[in-house]
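Student: With the input below, show me the fold.
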Amino acid sequence: MTITATRTEAETEFAHQFAKAAPLLPGAGWVPEVRAAAMRAFERTGLPHRRIEEWKYTDLRNRVKAAYPPAQCSSRKVDAALLADVLGAELAAVPAIRLVLLNGRYVARLLPSNTEMPESCHLGPLSGAIGQAGYEWMQPGFALPGDGAGEPVLALNAAFVSDGIVMRIEDNAHLALPVHIVSIIDADAPKAVATRNFVRIGKGAAATIIESHVAIGDAPSQTTAVTQLHVEAGGSVHHVKHVEGDSGALHLGHWQLQIGEGATYRGFQLTAGAGLLRNESRVAFDGPDARLDLSGLMLGRGSDHIDTTMVIDHTYPGCEGRELFKIVLDDQARAVFQGKVVVAAEAQKTDGKQMAQALMLSEDAEFDSKPELEIYADDVVCGHGSTSAEIDADMLFYLRSRGIPEAHARSLLIESFASEALDKVENEALRVALSSIALRWLGHENR
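Tutor: Numbers count the residues shown, from 1 in each chain. Model (predicted):
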């Protein structure tokens, strides 16, 4: 007996949108077949739903009612004024090599005055590399595990991706400036954007990479954003992602991270209002004695739904993992934290610690936490924890008794709670800029 799965209107529309968009998307050679295979994989399973354990708390099949058409090119001028408007003056002022994607297409590279591109840093648009001679190494990066049934975000991204950044840092190079990838959606009607970045940090090299995902106006949007990053042996990278959106935004992010022998990876994610967002990270240690520090701050209000999901695979001995996430929720906002740490039998001397803490500003807010440890080695130090609480009434009373107005006192306590995560950002100018975004979200930046 053959059973035909029922597809939602949105799932059917994704296939129709792909049929129209495919001839216009970049890439020759192997690329069209990879796109088609990815779309077939998506059609087999459709959008993930609550019966899939990894998506239990983020039911896309129920929440995504339409498939938006891919965004078209924008004629908007990209300059310092635009970046200050969409990023905020503080983040736009952080000295950086800025690569701008507008409606999913690479449009500009902006450098600080009197600055030249370092010869050890090779940057270019994905659209100019995908399927071209010399870039065959990218093909495995688009391949979906198995039949792709468990990777709907990767499948949709591979099918629809229009552009992104290809970045390679030469061995032993140390970049003085961060590389800031700014993805802007500029549309006056519902649109979809799919971008993908390939980043390789050479042996012994060091770099800071920032990703910002922002929008002009309040038109609904659907974004899939994938970054595949490999830190080779002895390398060091600080990787920051910043997302700001409104109630009509859907953002599905995916980080695929490989950390080589003796390498250090420090990642930070800031979400300041996002509608419906999922940041998923898959971390694989690619050698012994590597270090991972992955943290974030999630700020939600209204009906925001913010999902942070990660899987950390320890397959080599002597590696260290630290994960710390802070969550602040108001109104009817909901946050999800799923953190799974897997320690293989050969990964002796693993040191892993994970913590998720939520501050609930409303009785109607919801925090779902599912930390997991799956350990097959016997000589490890691993632990995890999760907490949720309201603002401490005693601390609030103490501050008010010192003459501090209640609103000001509450904001001080919220800032104190969030600061532990923000302190993970090593670059001082970047940390101050991200703190200013958090303060704006709290509504008291001019206190």
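Student: When you work out contacts or count neighbours from here on, use the C-alpha atoms and nothing else.
Tutor: Will do.
Student: Look at Phe397 and give its secondary structure.
Tutor: Three-state call for Phe397 (DSSP: H, G, I helix; E, B strand; the rest coil): helix.
Student: Give me the pLDDT for it.
Tutor: The per-residue pLDDT reported for Phe397 equals 90.
Student: Alpha carbons of the lowest-mean-pLDDT helix or strand in the chain, as CSV, please.
Tutor: Between all helices and strands in the chain, the lowest mean by mean pLDDT, DSSP states H and E belongs to helix 139-142, at a mean of 88. This file holds the C-alpha atoms of helix 139-142, laid out as CSV (Å, rounded to 0.1, in the frame of the first residue of the first chain):
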residue,chain,number,x,y,z
GLN,A,139,30.8,20.8,-3.7
PRO,A,140,31.0,18.5,-0.7
GLY,A,141,29.9,21.4,1.4
PHE,A,142,26.5,21.5,-0.3
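Student: Just the buried positions in it, please.
Tutor: Across helix 139-142, burial judged by 16 or more other C-alpha atoms under 10 Å covers Phe142.
Student: And the next helix or strand after it, what does it pack against?
Tutor: Using DSSP states H and E, the helix or strand that directly follows helix 139-142 along the chain is helix 152-160. When contacts are defined as 3 or more C-alpha pairs under 8 Å, 6 or more residues apart in numbering; DSSP states H and E, helix 152-160 sits against helix 9-21, helix 31-45, strand 191-201, strand 221-231, strand 249-260.
Student: so Phe198 makes contact with Gln228?
Tutor: Yes - taking C-alpha atoms under 8 Å as the definition, Phe198 is a contact partner of Gln228 at 5.0 Å.
Student: Which other helices and strands does the lengthiest helix in the chain contact?
Tutor: Longest helix in the chain, counting residues (DSSP state H): helix 406-422. Under the contact criterion of 3+ C-alpha pairs under 8 Å, 6+ apart, helix 406-422 touches strand 291-300, strand 320-329, helix 393-401, helix 428-442.
Student: Residues contacting that helix, please?
Tutor: Helix 406-422 has contacts (C-alpha atoms under 8 Å, 6 or more residues apart in numbering) with 295-297, 324-328, 359, 391, 396, 399-400, 431, 434-435, 439, 442, 444, 447.
Student: Just the buried subset of those, please.
Tutor: Neighbour-count burial (16+ other C-alpha under 10 Å) applied to those gives 295-297, 324-328, 359, 396, 399-400, 431, 434-435, 439, 442.
Student: Pass me the low-pLDDT residue ranges in the stretch 201-350 of the chain, would you?
Tutor: The model of the stretch 201-350 of the chain has no residue with pLDDT under 70.
Student: Which neighbours in the sheet does the helix or strand harbouring Ile184 have, and how are they oriented?
Tutor: Using DSSP H and E, Ile184 sits within strand 179-186. If you go by DSSP bridges, strand 179-186 pairs up with strand 97-102 (parallel), strand 206-216 (parallel).
Student: The longest one relative to helix 428-442, how many degrees between them?
Tutor: Spelled out, that is strand 206-216. Here strand 206-216 points in a direction 30 degrees away from that of helix 428-442 (axes from the mean of the first three to the mean of the last three C-alpha atoms, to 10 degrees).
Student: Ok, the first one next?
Tutor: When the same axes, to 10 degrees is applied, the directions of strand 97-102 and helix 428-442 differ by 40 degrees.
Student: Point out the other helices and strands that the helix or strand following strand 97-102 packs with.
Tutor: As assigned by DSSP H and E, the chain's next helix or strand after strand 97-102 is strand 105-110. Counting contacts by 3+ C-alpha pairs under 8 Å, 6+ apart, strand 105-110 is packed against strand 97-102.
Student: on that earlier part again, nearest to Lys77, of the helices and strands packed on helix 152-160?
Tutor: For those, the distance to Lys77 is smallest for strand 191-201, at 18.9 Å, taking C-alpha to C-alpha.
Student: the inter-axis angle of the closest one versus strand 179-186?
Tutor: Using the same axes, to 10 degrees, the inter-axis angle of strand 191-201 relative to strand 179-186 is 170 degrees.
Student: Show me what strand 191-201 packs onto, helices and strands only.
Tutor: For strand 191-201, the elements it packs on are helix 152-160, strand 165-169, strand 221-231, judged by 3+ C-alpha pairs under 8 Å, 6+ apart.
Student: three-state assignment of Cys382?
Tutor: Under three-state DSSP, Cys382 falls in the strand class.
Student: residues in contact with it?
Tutor: Counting by C-alpha under 8 Å, 6+ apart, Cys382 makes contact with Thr350, Asp351, Gly352, Lys353, Leu373.
Student: what about 6 Å?
Tutor: Cys382 makes contact with Asp351, Gly352, Lys353, according to C-alpha atoms under 6 Å, 6 or more residues apart in numbering.
Student: follow-up on the earlier one: and of the helices and strands packed on strand 191-201, who's closest to Leu101?
Tutor: So among the helices and strands packed on strand 191-201, strand 165-169 is nearest, using C-alpha to C-alpha, at 8.9 Å.
Student: Thr115 in helix, strand or coil?
Tutor: Assignment for Thr115 (three-state DSSP): coil.
Student: picking that back up, in the longest helix of the chain, what counts as buried?
Tutor: Buried, per 16+ other C-alpha under 10 Å, within helix 406-422: Ala409, Arg410, Ser411, Leu413, Ile414, Glu415, Phe417, Ala418, Ser419, Glu420, Ala421, Leu422.
Student: Just the C-alpha atoms of that helix, please, in PDB.
Tutor: Taking Å, rounded to 0.1, in the frame of the first residue of the first chain, the C-alpha atoms of helix 406-422 are listed here in PDB:
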ATOM      1  CA  GLU A 406      11.800  51.100  39.800                       C
ATOM      2  CA  ALA A 407      12.200  51.100  36.000                       C
ATOM      3  CA  HIS A 408      15.900  52.000  36.300                       C
ATOM      4  CA  ALA A 409      16.500  49.400  39.000                       C
ATOM      5  CA  ARG A 410      14.900  46.700  36.800                       C
ATOM      6  CA  SER A 411      17.000  47.600  33.900                       C
ATOM      7  CA  LEU A 412      20.200  47.500  36.000                       C
ATOM      8  CA  LEU A 413      19.300  44.000  37.200                       C
ATOM      9  CA  ILE A 414      18.600  42.800  33.600                       C
ATOM     10  CA  GLU A 415      21.900  44.300  32.300                       C
ATOM     11  CA  SER A 416      23.700  42.600  35.100                       C
ATOM     12  CA  PHE A 417      22.100  39.300  34.200                       C
ATOM     13  CA  ALA A 418      23.000  39.700  30.500                       C
ATOM     14  CA  SER A 419      26.500  41.000  31.000                       C
ATOM     15  CA  GLU A 420      28.000  37.600  31.700                       C
ATOM     16  CA  ALA A 421      27.200  36.500  28.200                       C
ATOM     17  CA  LEU A 422      28.300  39.800  26.600                       C
END
